[in-house]
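Enquirer: show me how the following folds:
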Amino acid sequence: MKKGYLKQLVVGGFLLGSLAGLAACGSDSGSAVGVTPTGKVVKGPVSGASVRDKNGNVFATTDANGVFAITAQGPFTTTGGTYIPLNADGTAGTAVAAPPLSAPAGYSQITPLSTIVASAPASQQADVETQLAAALAKMGVSDLKTADFSVKTDANSAAIVFAEAVGAVLSTAANTSAASDVKSAINSAVTSALISAVQTLSTASAPTASQITSAITTQVSTAITSNSAIVSAVPALVSTISAATTAAATGANALPAGALPVQSGTGGTGGTTGSTGGTGGTSGIK
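Expert: Numbers count the residues shown, from 1 in each chain. Next comes the predicted model:
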């Protein structure tokens, strides 16, 4: 073989290898180049919620499946939107207003459970997240930041019950008619109660639906009844939250495996990418 030809083979092979390496680097993340990542807002999938970035600016509106494009940096907060609650028999209820939800930076799923972490004092967030992760690991969920709570499986059924029960507490607190100072006290009491419930469940061997309901209602009752201003302003709050929590947990437990119910009406834009679930509620990621 001539030396000139051999040299061409070596140089050509080097170039091909370099191009292959560059292509591999470009796909290292496992997603196509130029594809915008998406997240979900789920208290039941929330349609039409405004998603805000770390500066409080709205950058996306969720579609009918709760999907939005992540084009900004967290922590994230949401306002507005509606979702379909579950009846006690696991069937779909009537659309109701969604509570404000939030998630720390790095989360793609904004749910009642991410809201517990985000609502904790900054000095406690890491501990609360660790405890919540420990509780969820026993409920079949390995990653709180990316776990999809819009679809129930045999593996995550307890986690779905947990998320729906916490969501019921947040919804009831958010929709309570009370003066602003009382409402602030309610939100503080509820946050404290949910953190305590997480601590209780993190030590349970394998939390069941009844244990989840008991932990939440017990802690919420203790937190609210210890505040005389709340009891005086909203005397039925404990019983209302308890009933809502029990109904949500029972409904989630009765719900067969599959996607949580979504609305058939028009959702939002899903952000800036081509998410198409906003008009019919049948597409978008799961």
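
Enquirer: next, work out how far apart the most centrally placed residue in the chain and Gly80 are.
Expert: Nearest residue to the geometric centre of the chain (Cα atoms, centre = their mean): Thr111, 2.1 Å. Counting by Cβ to Cβ, to the nearest Å, the separation of Thr111 from Gly80 is 16 Å. Bear in mind the C-beta positions are built from the backbone N, C-alpha and C, glycine included.

Enquirer: thinking again about what came up before, my guess is the residue nearest to the centre of the chain contacts Lys43, does it?
Expert: Yes: with contact defined as Cβ atoms under 8 Å, Thr111 and Lys43 form a contacting pair (6.9 Å).

Enquirer: point out where the stretch 151-286 of the chain drops to low pLDDT.
Expert: 265-286 (pLDDT under 70).

Enquirer: go again with 90.
Expert: 177, 204, 263-286 (pLDDT under 90).

Enquirer: what's the answer for the stretch 1-150 of the chain, then?
Expert: 1-36.

Enquirer: make it 80
Expert: 1-34 (pLDDT under 80).

Enquirer: identify the spatial nearest neighbour of Arg52, chain neighbours not counted.
Expert: Leaving aside its sequence neighbours, Arg52 sits nearest to Thr77 (Cβ to Cβ, 6 or more residues apart in numbering; 4.8 Å).

Enquirer: ignore what I typed, I meant Glu164.
Expert: Nearest one to Glu164, counting by Cβ to Cβ, 6+ apart, is Ala252 at 4.0 Å.

Enquirer: in the helix or strand hosting that neighbour, what's buried?
Expert: Of the helices and strands defined by DSSP states H and E, Ala252 is found in helix 237-254. Judged by neighbour count using 16 or more other Cβ atoms under 10 Å, the buried positions of helix 237-254 are 237-238, 241-242, 244-253.

Enquirer: could you dump those into TSV with distance to Thr71 added?
Expert: Output for those, formatted as TSV (distance: Cβ to Cβ, whole Å):
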residue	distance to Thr71
Leu237	38
Val238	41
Ile241	36
Ser242	40
Ala244	34
Thr245	35
Thr246	39
Ala247	36
Ala248	32
Ala249	35
Thr250	38
Gly251	34
Ala252	31
Asn253	36
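
Enquirer: just give me the closest of the residues you listed to Pro99.
Expert: Each of the buried residues of helix 237-254 was scored against Pro99 by Cβ to Cβ, and Ala244 proved nearest at 11.4 Å.

Enquirer: that closest one reaches Gly167, doesn't it?
Expert: No: if you go by Cβ under 8 Å, Ala244 and Gly167 don't touch, sitting 9.5 Å apart.

Enquirer: only the buried residues of the host helix or strand of Phe59, if you could.
Expert: When elements are defined using DSSP H and E, Phe59 is found to belong to strand 58-61. Neighbour-count burial for strand 58-61 flags 59-61 (criterion: 16+ other Cβ under 10 Å).

Enquirer: pipe those residues into a markdown table and attach distance to Ala159 per row.
Expert: Formatted as a markdown table, the buried residues of strand 58-61 follow (distance: Cβ to Cβ, whole Å):
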| residue | distance to Ala159 |
| --- | --- |
| Phe59 | 28 |
| Ala60 | 25 |
| Thr61 | 27 |
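
Enquirer: what's the local residue count around Pro104?
Expert: When neighbours are defined as other Cβ atoms under 10 Å, Pro104 has 18 of them.

Enquirer: to clarify, my last question referred to Val151.
Expert: Neighbour tally, Val151, other Cβ under 10 Å: 15.

Enquirer: now the one 3 residues further on
Expert: If you count neighbours by other Cβ under 10 Å, Asp154 ends up with 7.

Enquirer: that one and Gly258 touch, don't they?
Expert: No: the criterion here is Cβ under 8 Å, and Asp154 misses it with Gly258 at 11.0 Å.

Enquirer: now Leu86. Nearest residue, chain neighbours left out?
Expert: Gly251 (3.1 Å).

Enquirer: state the distance from that neighbour to Ser171.
Expert: Taking Cβ to Cβ, one finds Gly251 at 13 Å from Ser171.

Enquirer: need the residues touching each of those two.
Expert: Pro85 (Cβ atoms under 8 Å, 6 or more residues apart in numbering).

Enquirer: who are the contact partners of Thr208?
Expert: Ala158.

Enquirer: try Phe149
Expert: Contacts of Phe149 by Cβ under 8 Å, 6+ apart are 40, 42, 109, 111, 113, 156, 159-160, 163, 260.

Enquirer: quick one: which of the residues you listed sit in helices?
Expert: Members of those lying in helices (criterion: DSSP state H): 113, 159-160, 163.
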